[in-house]
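Enquirer: sharing a model prediction with you, sequence too.
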Protein chains: 2
Amino acid sequence: MEIYRSIDEMKKRSNELRAEAKSIGLVPTMGFFHDGHLKLMKEAMDKDNFVVVSIFVNPLQFGPNEDFDEYPRNEERDLKLAEKMGVHAVFIPTTQEMYPVEPSIAMKVTKRTNVLCGSKRPGHFDGVVTVLTKLFNIIQPTRAYFGEKDAQQLAVVDSLVNDFNFPLQLIGVPTAREHNGLAKSSRNVFLSDTEKKEAVWIFKALHAGKQLALGGENNTDTIIDEVTKMVVTHTSGVVEYVELLSYPELQKIRWMDETVILAMAVQFKRARLIDNLIFNLDEYNHT
Amino acid sequence: MEIYRSIDEMKKRSNELRAEAKSIGLVPTMGFFHDGHLKLMKEAMDKDNFVVVSIFVNPLQFGPNEDFDEYPRNEERDLKLAEKMGVHAVFIPTTQEMYPVEPSIAMKVTKRTNVLCGSKRPGHFDGVVTVLTKLFNIIQPTRAYFGEKDAQQLAVVDSLVNDFNFPLQLIGVPTAREHNGLAKSSRNVFLSDTEKKEAVWIFKALHAGKQLALGGENNTDTIIDEVTKMVVTHTSGVVEYVELLSYPELQKIRWMDETVILAMAVQFKRARLIDNLIFNLDEYNHT
């Protein structure tokens, strides 16, 4: 497996691959791999000739009071896992390599951000699109793979690719889950045993909410209240938000045949968990 | 010569060229070609396997009171000239094709813009970097060619390429001039015969200022006053600015061996002209 720490070396390799008519698959990550990441890699291995996994904990997307310093890291383990998955290259630059000088140009996401996590994390998605623009330019992927777990991120990246005509295809990969439904996340390691059991209720509540919506309940507030109540009742976590919105526009639902997202964030003692279900309100009629 | 009006078709062609290991040269223009443009094309033809000229009058870089509607256009003539120069393809999209929906992500240039034209044209360079990001992604050039006449633009594009790691080389091409020194510009057609004769003094004054600086005059204000006085005395134009700054940083000069730019903008009746000289203060010692 090739390991690149220098932007120039990685770029040179991407240029070579492009000149050899190879398709490049990019899996952008912040490392500390779990099954969700491996699922993205597998998907990329299936579709592309050459798969690059980037590992970079991007300081620009963390707020001043967020967990940048505490974010879990384990390079040695990540490299072993990536190699085991058969990926062709890992790009793992330092912060100094990615941000050597104060930038002269800022990117500002103005849509799809005032809801869900975006409303609680001002500037977060500005940092995300900035680092992705850099990664897209350095690695020049044919396809880029993102988990649907970060559904708002996927919606924002969809804007990024469309607004700026990036020559790549965006692939959303369904959330990897434990057998009991808990969404896999790097932050799950910070859950106590009790919290881990409680956290299952996030998925259970989302599922119940989806059933209500598909059953014809068209009062969004009623659904949100039910979902919130289940999590409040069964966990020690603090519900940060439960929202039901159109997807990927992330706006108020207007039509009964829209694709929607039911999403929630719950703050446990040392971990903030997010999860969502994306479905069509007309699902029963489609199948 | 290939002509592309669709982003998808152009992108497809760029992908093919990349897969054939061809180098792509991009000359981004707003059309209405003069010798300056042809010089850029020639430079690109010399260096790259496949040369694409883009023609797009970008509404995003014009202010509400600027000359977007009045900006000269002549597609038929431009296509003939490009073909005569031997360029391989022209990319000439409509505004609708480039901006089909209101963008979700804004780019904001925060450095190198509060001086020269930038200070009089708020938002201008935000529009420039936005359209260039799109063009770079669509055409995927190996090299992109810009005139040194728009020296501030070149400095800002230098930031764009560096900040976001675009996989391309930026080539600055010296300003094309009439025999008498007048910088060629699409806007020169709006000069009256009298103004055209007067406008020569822009170059003469810049040249005189450069001689003062190289002669050891280290009071920037003195040089600026002399240059301004010459243009005020000999033309009917209104001097918008004369500035002497470090290049490409566009900051106050601090060292006696810096590369600097002496630049000016003059408003005539129907045309606003810009020109500049870029030189090293230590030039005599270098040669």
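Expert: Cool, the structure landed.
Enquirer: ok, and the closest non-adjacent residue to residue A:237?
Expert: Nearest non-adjacent residue to residue A:237, counting by CB to CB, 6 or more residues apart in numbering or on different chains: residue A:266, 4.0 Å away. Glycine gets a C-beta too; all of them are placed from N, C-alpha and C.
Enquirer: hmm, I typed the wrong one, I wanted residue A:283.
Expert: Spatial nearest neighbour of residue A:283, chain neighbours left out: residue A:214 (5.8 Å); criterion: CB to CB, 6+ apart.
Enquirer: gap between the one you found and residue A:231?
Expert: As judged by CB to CB, to the nearest Å, residue A:214 and residue A:231 stand 20 Å apart.
Enquirer: who has more neighbours, the two?
Expert: Neighbour tally, residue A:214 and residue A:231, criterion other CB atoms under 10 Å in any protein chain shown: the higher count belongs to residue A:231, 21 against 15.
Enquirer: for the more buried one, grab phi and psi.
Expert: Here is the backbone geometry of residue A:231 (degrees, to the nearest 10): phi -70, psi -40.
Enquirer: three-state assignment of the residue lying closest to it once chain neighbours are set aside?
Expert: Using CB to CB, 6+ apart and skipping the chain neighbours, the partner closest in space to residue A:231 is residue A:205 (5.0 Å). Here residue A:205 takes the helix state, with states given by DSSP: H, G, I helix; E, B strand; the rest coil.
Enquirer: and residue A:205, how far is that from chain B?
Expert: Relative to chain B, residue A:205 is positioned 30 Å away (CB to the nearest CB, to the nearest Å).
Enquirer: correct me, but that residue touches residue A:224?
Expert: No. Proximity of residue A:205 to residue A:224 does not meet the contact threshold set by CB atoms under 8 Å, at 10.4 Å.
Enquirer: so between these two, which is more surrounded?
Expert: Between residue A:205 and residue A:224, counted using other CB under 10 Å, residue A:205 has the larger neighbour count: 26 against 18.
Enquirer: dump the residue contacts of the more buried one.
Expert: Contacts of residue A:205 were listed using CB atoms under 8 Å, 6 or more residues apart in numbering or on different chains, and they are A:226, A:227, A:228, A:230, A:231, A:264.
Enquirer: quick check, the last one in a strand?
Expert: This points to residue A:264. Yes. The assignment for residue A:264 is a strand, going by three-state DSSP.
Enquirer: which residue is the nearest non-sequential neighbour of it?
Expert: residue A:242 (4.5 Å).
Enquirer: near chain B, which residues of chain A are found?
Expert: For chain A, the residues in contact with chain B (CB under 8 Å from any CB of the partner chain) are A:7, A:11, A:14-15, A:18-21, A:103-112, A:129-130, A:133-134, A:137-138, A:140, A:156, A:159-160, A:163-167.
Enquirer: pull out the buried residues from those residues.
Expert: In the residues of chain A next to chain B, burial by neighbour count holds for A:7, A:11, A:14, A:18, A:103-107, A:109, A:111-112, A:129-130, A:133-134, A:137-138, A:140, A:156, A:159-160, A:163-167, counting by 16 or more other CB atoms under 10 Å in any protein chain shown.
Enquirer: show me those residues that map onto helices.
Expert: The helices, defined by DSSP state H, take in A:7, A:11, A:14, A:18, A:129-130, A:133-134, A:137-138, A:156, A:159-160, A:163-164 from those.
Enquirer: and these, which two are the farthest apart?
Expert: For those, the farthest-apart pair by CB to CB is A:18 and A:156; their separation is 26.2 Å.
Enquirer: so where do the strands sit in the stretch 51-200 of chain A?
Expert: Per DSSP state E, counting those that start in this stretch, the stretch 51-200 of chain A has strands spanning A:89-91, A:105-109, A:143-147, A:169-173. These are given in chain order.
Enquirer: and those as a markdown table, adding mean pLDDT?
Expert: Formatted as a markdown table, these follow (pLDDT from 0 to 100):
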| stretch | mean pLDDT |
| --- | --- |
| strand A:89-91 | 98 |
| strand A:105-109 | 97 |
| strand A:143-147 | 97 |
| strand A:169-173 | 97 |
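Enquirer: quick one: secondary structure of residue A:250?
Expert: What three-state DSSP gives for residue A:250 is coil.
Enquirer: so which bits of stretch A:28-41 are buried?
Expert: Residues of stretch A:28-41 classed as buried: A:28-34, A:36-41 (neighbour count, 16+ other CB under 10 Å).
Enquirer: for the residue of the stretch 151-287 of chain A at minimum distance from chain B, give me its contacts.
Expert: Scanning the stretch 151-287 of chain A for proximity to chain B using CB to the nearest CB identifies residue A:159 as nearest, at 3.8 Å. With contacts taken as CB under 8 Å, 6+ apart, residue A:159 has the following neighbours: A:109, A:111, A:112, B:103, B:104, B:105.
Enquirer: of the residues you listed, which pair is most distant in space?
Expert: The most widely separated members of those, counting by CB to CB, are A:112 and B:103 (11.7 Å).
Enquirer: next up, the contacts around the residue nearest to residue A:264.
Expert: With contact set as CB under 8 Å, 6+ apart, residue A:242 has these partners: A:209, A:224, A:227, A:228, A:231, A:262, A:263, A:264.
Enquirer: tally of neighbours for the first one?
Expert: Look at residue A:209: counted by other CB under 10 Å, it has 24 neighbours.
Enquirer: so it touches residue A:227, yeah?
Expert: Yes. Counting by CB under 8 Å, residue A:227 is a contact partner of residue A:209 at 4.1 Å.
Enquirer: what sits in contact with each of the two?
Expert: Shared between the contact lists of residue A:209 and residue A:227 (criterion: CB under 8 Å, 6+ apart) are residues A:242, A:262.
Enquirer: which parts of stretch A:181-199 are buried?
Expert: Residues of stretch A:181-199 classed as buried by neighbour count (16+ other CB under 10 Å): A:181-188, A:190-191, A:195-196, A:198-199.
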